[in-house]
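# What shape does this take:
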Amino acid sequence: MNPADGFILRLQYVVMRLESHARTSAAQGLTDPDPPTGERWEWGQVWAHLTEFIPYWMEQVRVVVGGEGSDPVPFGRTKADPGRIAAIERDRHEAVSALWSRMQGQLAALWNQIDDLTPEDWSKRGEHPTLGVMDVPRIVDEFLVGHLEQHAAQLDDLASAADR
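Predicted structure coming up:
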């Protein structure tokens, strides 16, 4: 099976979950603590981060796939990245409808990027500053599709807590 098929199926499902949350009112409360950092976010911060990370990590996949030779290509950032933090802070109070509108184009581009990866692309490797050497399937899972699923779960939890 082509790795793209599994990622696209998961992407379809997570997009449906996010779209459902985009149509609801903001849930109150904070997410559970992030295991490595203890960081807790409100609804708007989760949405701001969703909108911020998709284009960043798509570009990082392009960097890895574009690498020459067999050595892993340096890529990525850490959670302490100033650009990441600034974007979340900047957009956390923006209307979710506006963020969702922006995300729809990003998600379509992500779908196309995943679908367009060749078998050779899937075999490329990058080296993340803290996670080390990773192949493209792990990068797509860790930083894009799986990352979307993790944040959709945060929104699920916030919405569920609000319903109680």
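
# I'd like to know how many residues surround residue 162.
14 (other Cβ atoms under 10 Å). All C-beta spots, glycine's among them, are computed from the backbone N, C-alpha and C.

# sec struct for it, please.
helix (DSSP: H, G, I helix; E, B strand; the rest coil).

# Spit out the contact partners of it.
Neighbouring residues of residue 162 by Cβ atoms under 8 Å, 6 or more residues apart in numbering: 27, 28, 29.

# Just the buried residues of those residues.
residue 27 (16 or more other Cβ atoms under 10 Å).

# What residues of the longest helix along the chain count as buried?
Identified as the longest helix of the chain according to DSSP state H is helix 43-65. By neighbour count with 16+ other Cβ under 10 Å, helix 43-65 contains the buried residues 43-54, 56-58, 60-61, 64-65.

# so where is the protein shaky, pLDDT-wise?
Within the chain, the stretches with pLDDT under 70 are 163-164.

# so after the strand or helix carrying residue 108, what's the next helix or strand?
Here residue 108 sits within helix 96-116, counting by DSSP states H and E. Following helix 96-116 in sequence order, the next helix or strand is helix 119-123 (DSSP H and E).

# returning to that earlier point: who's in contact with the helix holding residue 108?
For helix 96-116, contacts defined as Cβ under 8 Å, 6+ apart pick out 4, 7-8, 11, 15, 18-19, 21-22, 26, 43-44, 47-48, 50-51, 54-55, 58, 61-62, 91, 140, 144-145.

# Let me know the closest of the contacts of residue 162 to residue 160.
residue 27 (8.4 Å; Cβ to Cβ).

# wait, the closest one sits on residue 154?
No - at 10.1 Å, residue 27 does not count as touching residue 154 under the criterion of Cβ atoms under 8 Å.

# Ramachandran coordinates for residue 130?
The phi/psi pair for residue 130 (degrees, to the nearest 10) reads phi -120, psi -30.

# swap in the one 4 residues further on?
In terms of degrees, to the nearest 10, the main-chain angles of residue 134 are phi -140, psi 140.

# What separation do you get for it and residue 22?
To residue 22, residue 134 is 30 Å away according to Cβ to Cβ, to the nearest Å.

# Looking at those two, which one has more neighbours?
Each of residue 134 and residue 22 has its neighbours counted (other Cβ under 10 Å); residue 134 has more, 21 against 17.

# okay but the more buried one is in contact with residue 140, surely?
No - assessed by Cβ under 8 Å, residue 134 is found out of contact with residue 140, at 9.7 Å.
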